[in-house]
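Enquirer: Provide a 3D model corresponding to the input given below.
(one chain, ligands or ions: 1)
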Amino acid sequence: MRISFDLDDTLVCYHAGVPQEPRLHWFLRLFIHDEPLRQGTPELMRQLRQRGWEVWVYTTSNRSPAAVRRWLRWHGVLLDGMVNQDAHDRHLRRSPQDRPPSKNPAAFGIDLHVDDSDGVRMEGEQHGFQVAVVTPDDRDWTAKVLCAADELARRGDGR
Ligand SMILES: [Mg+2]
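Expert: As a prediction, this is how the structure comes out:
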């Protein structure tokens with residue numbers, strides 16, 4: 001099964017007071033923009049992989065997939081795929097008249113999407129995709145994600 005994560009305010013939290021993973025070594029930071037990675041991310045991804053989940057990023061930003069993949073790898077996270085705004089538009093906006101939802105994980109074979117936005121959850125209800133909402137002040141966010149993933153796997157909704 002496939003799970004995706006939003007970046008801004010989900011995995012990348014600039015808010016003061018949100019616990020972060022240790023920053024990368026200064027030498028690596030010469031090569032990449034080391035954004036504040038939310039504490040618990042590498043361990044959560046490891047546990048998801050152990051359960052057989054593919055880990056993806058789905059962001060409405062235009063960060064480069066190669067750069068995000070490298071940044072996460074240096075934090076110990078392997079990424080199986082990424083959808084940025086550009087890929088989303090290419091896949092879902094075939095004409096300028098198309099008004100797809102801001103994200104549509106199901107269109108990329110993603111079974112569960114994790115996001116801080118309640119709007120995305122509501123879009124999920126309308127367009128038939130599963131969203132787990134976690135906010136930056138959610139201290140138990142990794143447990144919440146695992147719980148939602150396990151629940152979905154139990155229901156056998158995925159592929
Ligand atoms: Mg967000």
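Enquirer: what's the neighbour count on the spatially closest residue to Gln20 that is not a sequence neighbour?
Expert: Among residues not flanking Gln20 along the chain, Pro36 sits closest, at 4.6 Å (C-beta to C-beta, 6 or more residues apart in numbering). Bear in mind the C-beta positions are built from the backbone N, C-alpha and C, glycine included. Residue neighbour count, defined by other C-beta atoms under 10 Å, stands at 15 for Pro36.
Enquirer: what residue, apart from its backbone neighbours, is nearest Leu28 spatially?
Expert: Trp74 (5.5 Å).
Enquirer: Met132: what secondary structure?
Expert: Just so we're on the same page, residue 132 is Ala rather than Met. Taken by DSSP: H, G, I helix; E, B strand; the rest coil, the conformation at Ala132 corresponds to strand.
Enquirer: residue contacts, it?
Expert: When the contact criterion is C-beta atoms under 8 Å, 6 or more residues apart in numbering, the partners of Ala132 are 112-115, 144-145, 148-149.
Enquirer: what about 6 Å?
Expert: With contacts defined as C-beta atoms under 6 Å, 6 or more residues apart in numbering, Ala132 is in contact with 114, 145, 148.
Enquirer: do you know the pLDDT at it?
Expert: The predicted local confidence for Ala132 comes out at a pLDDT of 98.
Enquirer: measure it to Glu43 for me?
Expert: Between Ala132 and Glu43 the computed distance is 17 Å (C-beta to C-beta, to the nearest Å).
Enquirer: now check the least confident helix or strand in the chain by mean pLDDT, is it near the ion?
Expert: Of all helical and strand segments in the chain, the minimum by mean pLDDT, DSSP states H and E falls on helix 85-92, at a mean of 90. No. Looking at helix 85-92 against the ion by C-beta under 5 Å from the ion, there are no contacts, and the closest approach is 12.5 Å.
Enquirer: okay, buried residues for the longest helix along the chain please.
Expert: Scanning the chain for the helix with the most residues, using DSSP state H, yields helix 141-155. For helix 141-155, the buried set under the neighbour-count rule, 16 or more other C-beta atoms under 10 Å, comprises 141-142, 144-146, 148-149, 152-153.
Enquirer: may I see the contacts of Ala132 arranged in CSV, with distance to the ion as well?
Expert: Formatted as CSV, the entries for the contacts of Ala132 read as follows, by distance: C-beta to the ion, whole Å:
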residue, distance to the ion
Val114, 10
Val145, 14
Ala148, 17
